[in-house]
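> Here's my sequence, what's the structure:
(2 chains)
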2 protein chains.
Amino acid sequence: MPYLCGMKPSVVKGTRDFGPAQMQKRLFIFDTIRQTFRRFGFQPLETPSMETLQTLTGKYGDEGDQLLFKILNSGDFADKLTEADLAQGSKKLTPKIAEKGLRYDLTVPFARYVVMNRHALPMPFKRYQMQPVWRADRPQKGRYREFYQCDADVVGTDSLLCEAEIILMVHEVFRNLGIQDFTLKVNNRKILAGIAEAIGRPGEESTLAVAIDKLDKIGRDKVIDELRERGFTNANVSALEPLFTSSGTLAEVLATLRTWLADSELAQTGLAELAETLQLADALGLTDSRVELDVTLARGLSYYTGAIFEVKANGVSIGSVSGGGRYDNLTGTFGMPGLSGVGISFGVDRIYDVMDELNLFPASAAQGTQVLLVCFDADGRALALPLLSQLRAANVVAELYPDLAKVKKQLDYANQKQIPYVVLIGSEEVQTGQLSVKNMTTGEQQKLSAQQVVEAMSSVKA
Amino acid sequence: MPYLCGMKPSVVKGTRDFGPAQMQKRLFIFDTIRQTFRRFGFQPLETPSMETLQTLTGKYGDEGDQLLFKILNSGDFADKLTEADLAQGSKKLTPKIAEKGLRYDLTVPFARYVVMNRHALPMPFKRYQMQPVWRADRPQKGRYREFYQCDADVVGTDSLLCEAEIILMVHEVFRNLGIQDFTLKVNNRKILAGIAEAIGRPGEESTLAVAIDKLDKIGRDKVIDELRERGFTNANVSALEPLFTSSGTLAEVLATLRTWLADSELAQTGLAELAETLQLADALGLTDSRVELDVTLARGLSYYTGAIFEVKANGVSIGSVSGGGRYDNLTGTFGMPGLSGVGISFGVDRIYDVMDELNLFPASAAQGTQVLLVCFDADGRALALPLLSQLRAANVVAELYPDLAKVKKQLDYANQKQIPYVVLIGSEEVQTGQLSVKNMTTGEQQKLSAQQVVEAMSSVKA
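As a prediction, the model looks like this:
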């Protein structure tokens, strides 16, 4: 390796290193989500980081295609290029020099996997997947080019039990993380479609959704302006009035909607699905429900056909931390139509930001090494070596400072790593066999035998 | 999403999906390695999947540079290209259209991280990292384009305690995995350098290593042929004779080498380091040591300066499953010379192959859902819903078949997912409250109350 003076290394824009302190907290989030997924019978899947561009292209709209990271073909790709290729611009040139791209989400690879393995998979198939995805977005605060998604999906059934279980999983995950104050907004595309029918614009729920999705941000009047711009008439818009006035408990909102949308069969189906889902969640023992019905919730809507979910943490101005819904055509694009499924995705990066801002990480999530053995000399070390192994055998995370350095240097190391306990082993300790255990937070110090040190450290941990 | 008839999806050559059964086993390996790393005080680090080509290029030799996956720049890269660029071929063209590459190993990103954070890191710095790496290799059996590395390194100290701890970690990891029969070969570059001195070719330990590294494969005579081809004289080669004859216990081999290499100060240093490392491992309580000294072990040698490690599982013809060593110039290429470190890397993919071939995965590693609730009708389901949540609250992985399907279909699902227990809830069970619990392996069946089901399932699990 040549020594290159002055080269200052950097990370790629929009990507991040996660050092020990961040990683420990991130692992706490991953573990919490994984445990809940597991307990609900979801099984792990991992797909490759790269997929063929044939698999990826055309699945995320034109903008999505632009945001795919493409991988340059190996070997002599230039040989196959002509001047004419060059003149045609990047878009035409790309397929000639790149056949692979990086995973953009976990849904398309999941769909590909299901299609490729459809004869071997148990149906319904429940899988979870926790892997990074990549998007060639312009980097900005809170938006990264590499980030993790944690998805759980069930495909091969349209049972509303799956929706109910997702509601329970959301409550369990956020409560286990320590995020008690959150809102799980639910909606159903059929209700939205029913509203479009009821106001005289059947089939235009997408246009409607784009506008009313912004109700929170821009308010009623601007939503109406936008709908008018998109060709909605005065009659359409005034028929929408109950949308802006309906409020109250979930049961009251449901009742209002049932009356308002009495003539729309679609809406009644959506409302019935929602009611049954909530009933099932109730039967599953959901307590202190954070579910709210929000008929303006659309989440892009592009492929949702039934339930739509979105979770926000209250008390912070961070966007949604989780979202999902039911879709009926996940695998259609790969030649396997009609497979219904429902899924939920947790955004680890935003969950991290919420927990960081609200100071919700438990002390255990921040902790690395629990005890450092500090030796004054070689005699101390002879005593420390077996103790080190005994501590680890008792599942205590323990370190011995590797060099016979000054005691101050060793204590600095403990402080910098926020190690809560040190065991000091000087000549007196060697003589008496009574070791000095110091609590680095309180400064408290006590004398214990090696055996007692192991007991004390493993009980502190528990 | 358009429905594209006849498009048959596939994975990128050299990459793999890991379905539930494989993932559960892989997670068992990851968790086992992670637990050992943690217990020894290593802290987690994750770096981005992509690095600048400036960071990656020139670190892995010419061949390595060829094997880097490069990412096409976003936007209109073609605009900046001229015909002249095209004529210059792929090698010159690449830097104009690609600035980023995929991680090739975990060592270079670690070095970059250390340099970028050198003022904030506690030293010595102990980190572990478990992430995929990518190589544009020709795919073949057992060689993949995407695979995981699990590395632990300590930098900022040359204490041999680190080497000893690596020896202990290797023993702990493989024993916890259930791979009892393995060999940990150790060597030291200084011994190799000393041999080169002793036979009259000082400084040529690399050439020597390349040849004698193959001793196992090609035998003594061919090694000698190769050395002759590389310019070693008869005198050089016959001086090497003790290498081929030394055998016996570790202590005996050490003694032979001490005598043979008595005149080489370097060799004596290497032998002393090795002896001290083994002594420290012993003091740390290493039992049933699988360490063997192999003076032909070189592992490429390019950047190892002291200890060299390699682990092989016995009884299978699968290459090394772990390897590492000490290096003195990890960060030199990034402008921070003189940082000594030592590390070990575990190859998850090969470990998987070993365990699979030797049938070493514990039953627990294969298990997903433990119990499936099978309802005959809606009344059964009303009883099943709260039970499902009680089971999960007791940390039992439980599922309720989501549809009210035929019982046979539900049992097929249990069999296909290898779920060991089902609870049958028909009309009789609803009436009596006594549920039928069936062991799917033995066919045994017993009647239990809901409460007893929870107790039975959580005790079976433990």
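> what about the one residue in the stretch 51-200 of chain A that gets nearest to chain B, how many residues close to it?
With Cβ to the nearest Cβ, the shortest gap between the stretch 51-200 of chain A and chain B falls at A:S159, namely 3.6 Å. For the C-beta atoms, the positions are set from N, CA and C on the backbone; glycine is no exception. A:S159 has 20 neighbours, counted by other Cβ atoms under 10 Å in any protein chain shown.
> Name the SS class of the residue nearest to it when sequence neighbours are not counted, please.
Distance criterion Cβ to Cβ, 6 or more residues apart in numbering or on different chains; nearest residue to A:S159, sequence neighbours excluded, is B:P402 at 3.6 Å. Under DSSP: H, G, I helix; E, B strand; the rest coil, the three-state class of B:P402 is coil.
> who in the stretch 101-250 of chain A is up against chain B?
For the stretch 101-250 of chain A, the contact set with chain B under Cβ under 8 Å from any Cβ of the partner chain comprises A:102, A:112-113, A:115-117, A:122-124, A:126-127, A:132, A:134, A:136, A:145-146, A:154, A:157, A:159, A:161-162, A:168.
> Quick check on those residues: which are buried?
A:102, A:112-113, A:115-116, A:122-124, A:126-127, A:132, A:134, A:136, A:145-146, A:154, A:157, A:159, A:161-162, A:168 (16 or more other Cβ atoms under 10 Å in any protein chain shown).
> where in the stretch 151-300 of chain A is pLDDT low?
A:300 (pLDDT under 70).
> So for the residue nearest in space to the middle of chain A, what's the nearest residue that isn't a sequence neighbour?
Among the residues of chain A, the one closest to the centroid is A:G347, at 2.4 Å (Cα atoms, centre = their mean). The spatially closest residue to A:G347, leaving aside those adjacent along the chain, is A:V321, at 5.4 Å (Cβ to Cβ, 6+ apart).
> Give me the domain ranges for chain A.
Domains of chain A are assigned by automatic domain parsing as A:20-46+A:104-357, A:50-102, A:367-461.
> Just put those in a markdown table and tack on distance to B:T55.
Formatted as a markdown table, these follow (distance: least, Cβ to Cβ, whole Å):
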| stretch | distance to B:T55 |
| --- | --- |
| domain A:20-46+A:104-357 | 15 |
| domain A:50-102 | 17 |
| domain A:367-461 | 27 |
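> right, and these - which one's nearest B:A398?
Across those, B:A398 has its closest neighbour in domain A:20-46+A:104-357 (6.7 Å, Cβ to Cβ).
> How far off centre is the closest one?
For domain A:20-46+A:104-357, the separation from the chain centroid amounts to 13 Å (computed by Cα atoms, centre = their mean, to the nearest Å).
> cool, stretch A:354-368 as well?
16 Å.
> Name the residues of that stretch that are buried.
For stretch A:354-368, by 16+ other Cβ under 10 Å, it's A:V354, A:M355, A:L358, A:L360, A:F361, A:A365, A:G368.
> Return the per-residue confidence for the closest residue to A:E165 other than its chain neighbours.
Sequence neighbours aside, A:F40 is the residue nearest to A:E165 in space, at 5.8 Å (criterion: Cβ to Cβ, 6+ apart). Predicted confidence (pLDDT) for A:F40: 96.
> wait, A:F40 sits on A:I167?
No - applying Cβ atoms under 8 Å, one finds A:F40 not in contact with A:I167, separated by 11.4 Å.
> ok, A:Y401 - contacts?
A:L372, A:L373, A:V374, A:C375, A:Q410, A:Y413 (Cβ atoms under 8 Å, 6 or more residues apart in numbering or on different chains).
> The fifth one sits in which helix or strand?
Meaning A:Q410. Using DSSP states H and E, A:Q410 sits within helix A:407-416.
> Any part of that helix near chain B?
Yes - shown here: helix A:407-416 in contact with chain B (Cβ under 8 Å from any Cβ) through A:Y413, A:Q416.
> Can you name the next helix or strand after that helix?
Assigned by DSSP H and E, the successor of helix A:407-416 is strand A:421-425.
> centre of the chain versus that following strand, how much separation?
Computed by Cα atoms, centre = their mean, the chain-centroid distance of strand A:421-425 equals 39 Å.
> and what of stretch A:400-414?
Distance, centroid of stretch A:400-414 to centroid of chain: 39 Å (Cα atoms, centre = their mean).
> same deal with stretch A:71-84?
38 Å.
> Over to stretch A:38-57?
For stretch A:38-57, the distance to the chain centre is 15 Å (Cα atoms, centre = their mean).
> Just the endpoints, please. Distance across it?
Its first and final residues considered, stretch A:38-57 spans 32 Å by Cα to Cα, to the nearest Å.
> Around chain B, pick out the residues from the stretch 251-400 of chain A.
Within the stretch 251-400 of chain A, the positions near chain B by Cβ under 8 Å from any Cβ are A:280, A:283-285, A:303, A:329, A:332-335, A:337, A:368-369, A:382, A:385-386, A:388-390, A:392, A:395-400.
> Pretty sure A:T107 sits against A:T331.
No - contact criterion Cβ under 8 Å: A:T107 and A:T331 do not qualify, at 10.4 Å.
> State whether A:L243 and A:I212 are indeed in contact, as I suppose.
Yes - using Cβ under 8 Å, A:L243 is in contact with A:I212, at 6.9 Å.
> ok, these two, which is more surrounded?
Taking other Cβ under 10 Å, A:L243 and A:I212 do not tie; A:I212 has more neighbours (25 against 20).
> what about the residue nearest to that one when sequence neighbours are not counted, distance to B:G341?
Excluding its sequence neighbours, the residue lying closest to A:I212 (Cβ to Cβ, 6+ apart) is A:T296, at 4.4 Å. Using Cβ to Cβ, to the nearest Å, A:T296 is found at 56 Å from B:G341.
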